[in-house]
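Enquirer: Provided below are the primary sequence and the corresponding predicted coordinates.
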Amino acid sequence: MPGPAPDERMRPEGRRNSQGIRVDPEAEVTHEPRQAVLSALVKHRPGVLAEISGLFSRRQFNIESLTVGPTVDEDTARMTILIEEPEPGIDQAKKQLQKLVPVISVTELEPEAVRRELALIKVGGEKPDDVNAVAEMYGGQAVDAATDSVTVEVTGSKPKIDAAVEAFKQFDVQEVVRTGAAALERGADTLEKHD
């Protein structure tokens, strides 16, 4: 049967791999990771933290920080989980969390939500007055002083804490401990009202 030569035949559009299989352009899209703050109300009982951290471990979601504490309801605790993932990973993390039995509700907080972190920074004690001056610049205060060290408490946003730690490096930082983010929606919104 007559027809066009092989090199004259119509070819389907789209990229193909070496085996001639069409490559889905959506599957090739790479998503840049972003930070997301997930706020979850969970049942306040033993083992819940292990269950949630196990989920993140199995799914290989990277937890930047995780804080947990009781709420006004003694049967409920609130978790604030800061993750850095590409967009599909963030959606997947929310969906997987919602499937867990001890999780009551989950929401991703808006970027403008109130976020605070506490840091304790232990530095050399040779210049206590200078250490106090830097602490005051960041709204912090000395919470412990010895002959050879001063421990300062600073509370604020992550960039503020990062800047404070950087500023204290001039005093020989010996140790730093940070709580991770605690966050709430601005205004009258509450996690319960999202449901």
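Expert: Happy to help now that I have it. Numbering: from 1, shown residues only.

Enquirer: how about the nearest residue to Ala167, chain neighbours excluded?
Expert: Using C-beta to C-beta, 6 or more residues apart in numbering and skipping the chain neighbours, the partner closest in space to Ala167 is Val134 (5.3 Å). To be clear about C-beta, it is placed using only N, CA and C from the backbone, and glycine gets the same treatment.

Enquirer: distance between the strand or helix carrying the one you found and the chain's centre?
Expert: Using DSSP states H and E, Val134 sits within helix 128-137. Relative to its chain's centre, helix 128-137 lies at 30 Å (C-alpha atoms, centre = their mean, to the nearest Å).

Enquirer: Beyond that helix, next helix or strand please.
Expert: Defined by DSSP H and E, the subsequent element after helix 128-137 is strand 141-145.

Enquirer: Keeping just the C-alphas, turn that following strand into PDB.
Expert: Only the C-alpha atoms of strand 141-145 are listed here, as PDB (Å, rounded to 0.1, in the frame of the first residue of the first chain):
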ATOM      1  CA  GLN A 141      18.000  39.000  78.900                       C
ATOM      2  CA  ALA A 142      20.700  37.100  80.900                       C
ATOM      3  CA  VAL A 143      19.100  34.200  82.700                       C
ATOM      4  CA  ASP A 144      22.300  32.700  84.200                       C
ATOM      5  CA  ALA A 145      25.800  34.100  84.900                       C
END
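
Enquirer: Sheet-wise, list the partners of that strand with their directions.
Expert: strand 149-156 (antiparallel) (DSSP bridges).

Enquirer: Please identify the helix or strand for the residue nearest in space to the middle of the chain.
Expert: For the chain, the residue sitting closest to the mean C-alpha position, by C-alpha atoms, centre = their mean, is Leu82 at 1.7 Å. If you go by DSSP H and E, Leu82 is part of strand 76-85.

Enquirer: buried sites along stretch 140-158?
Expert: For stretch 140-158, the neighbour count (16 or more other C-beta atoms under 10 Å) marks Gly140, Ala142, Ser149, Val150, Thr151, Val152, Val154, Thr155, Gly156, Lys158 as buried.

Enquirer: just stretch 121-133 next, same as before
Expert: Using 16+ other C-beta under 10 Å as the test for burial, stretch 121-133 gives Ile121, Lys122, Val123, Gly124, Gly125, Pro128, Val131, Asn132.
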